[in-house]
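# coords please:
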Amino acid sequence: MRVKYNRVSTIGQSGDRFTADKENYDLVLLDKISGSVPFKKRPEAIKLVQLIEKNLVTELVVEELSRLGRNTGDVINNLEWLESKNINVVVRNIGLQSRPNNNRNPIWKMISSVMSSLYEMELENIKERTEVGRKVYVQKGGRLGRPFGTSESQRIFLQKQKSQNIIKYLRRGMTFKEISVLLNVSPKTIKKVKDVMIFFGET
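Reported below is the predicted structural model:
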């Protein structure tokens with residue numbers, strides 16, 4: 001089975017840009033989800049994984065390597081897993097195949113590692129620019145978090161048990177990753193708690 005996997009970041013994106021691909025596929029899957037979600041936890045990707053585990057997929061086509069993971073580690077792990085299943089991975093934007101004619105491409109691992117690293121670097125640059133923008137906004141008198149008048153005030157948000165647990169571990173100096181694993185919450189939620197703490201001067 002030859003499968004095409006596409007991903008767009010938001011529900012509002014239609015995926016129409018993929019119509020430029022006139023190749024024939026046995027199945028086309030489209031996830032409308034953030035790239036920060038691990039590949040194997042995306043709804044349509046889960047269907048793909050199930051087909052692969054049943055040995056029904058021989059070739060997987062993606063527009064670019066970033067579609068296969070949320071960061072370098074995720075991409076490389078998934079590429080290695082696909083290689084272990086003897087699946088030919090085709091990356092359209094760079095014209096690269098992992099196993100053309102069922103023979104492993106000797107430069108595949110090197111190129112795929114370099115490309116996935118570049119994608120992660122790009123993501124980190126975006127995050128850094130966003131964080132700088134937030135700091136400048138606050139310095140100019142802007143206010144982060146929910147606007148006044150919403151049903152849930154900032155103070156009530158901090159008083160929630162989940163927020164209190166996050167605060168406890170933040171004050172112990174634990175990293176976002178450690179807290180995320182320990183409490184099963186997203187880094188985004190932890191960041192929100194920290195921002196509100198800063199707003200109230202409770203750090």
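
# Residue ranges of each domain in this structure, please.
2-118, 141-200 (automatic domain parsing).

# Who are the packing partners of the helix or strand V193 falls within?
Assigned by DSSP states H and E, V193 belongs to helix 187-200. With contacts taken as 3 or more Cβ pairs under 8 Å, 6 or more residues apart in numbering; DSSP states H and E, helix 187-200 sits against helix 154-159, helix 161-171, helix 176-183. Heads up, the C-betas are built off the backbone N, CA and C, glycines and all.

# closest one to I52 among the ones you listed?
The closest of these to I52 is helix 176-183. By Cβ to Cβ, the value is 27.0 Å.

# What helices and strands are in contact with the closest one?
So helix 176-183, by 3+ Cβ pairs under 8 Å, 6+ apart, packs with helix 161-171, helix 187-200.

# Below-threshold pLDDT in this structure: ranges please.
Across the chain, the ranges flagged by pLDDT under 70 are 10-20, 116, 119, 123, 142-152, 202-203.

# So the residue nearest the centre of it, which state does it fall into?
With distances taken as Cα atoms, centre = their mean, S36 lies nearest the centre of the chain, 1.7 Å away. What DSSP: H, G, I helix; E, B strand; the rest coil gives for S36 is coil.
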